[in-house]
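J.: Return atomic coordinates for the entry below.
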Amino acid sequence: MKSLLFISFLVISLSSCRQQVSEELKVTTLAKSSLSWNDSILPEYNKGQPEITVLNIKIPPHAKLDLHKHPVINAGVLLEGELNVLSENGQELKMKKGDALIELVDTYHYGYNPGNKTAEIIVFYAGVKDKAITEYKKK
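T.: Numbers count the residues shown, from 1 in each chain. The predicted model follows:
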């Protein structure tokens, strides 16, 4: 009888836990597009063995990144701070905490942190094994 009561208690407890988890689960789409942030059409994926890279990038206050481009599709989410992304031709995207971006592909650009605290961004790259995900412009 004790074991039957214990099993009943366990089943009720597990049901309760499952219900709590499903009630707490929330999915929010941060970005979904076939265009980059400047409305350029994203290219087809590169041929070859896919390789996903996920980077956590921390940019100090008032720091400016070097001019660079990505030959692969990538997207990110700004976790903290502010970040401005400027393309070589003058287009600008101003980001704040929580903003998502679908990055430019094969277009030179740079990031700049205009704020007084570190900007932290997670970026996901859909690359190809043994090929660079970032190329810097020669000075």
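J.: How about residue 95: which residues does it bridge to?
T.: With DSSP bridges applied, residue 95 shows beta-bridge pairing to residue 83.
J.: Hmm, residue 79 and it touching each other?
T.: No - shown here, residue 95 and residue 79 do not form a contact pair, counting by Cβ atoms under 8 Å, at 10.8 Å. No exception for glycine: its C-beta is placed from N, CA and C like everyone else's.
J.: of the two, who's got more company?
T.: More crowded of residue 95 and residue 79, by other Cβ atoms under 10 Å: residue 95, with 20 against 14.
J.: and the gap between the more buried one and residue 47?
T.: Residue 95 sits 31 Å away from residue 47, taking Cβ to Cβ, to the nearest Å as the criterion.
J.: Check residue 28 too.
T.: The gap separating residue 28 from residue 47 is 33 Å, by Cβ to Cβ.
J.: can you give me the helices for the protein?
T.: Counting by DSSP state H, the chain has helices at residues 2-24.
J.: mind listing the strands for it?
T.: Counting by DSSP state E, the chain has these strands, from start to end: 50-59, 68-69, 73-80, 82-87, 92-96, 100-102, 109-112, 119-128, 135-136.
J.: Counting neighbours, what do you get for residue 115?
T.: Count around residue 115 with other Cβ under 10 Å applied: 18.
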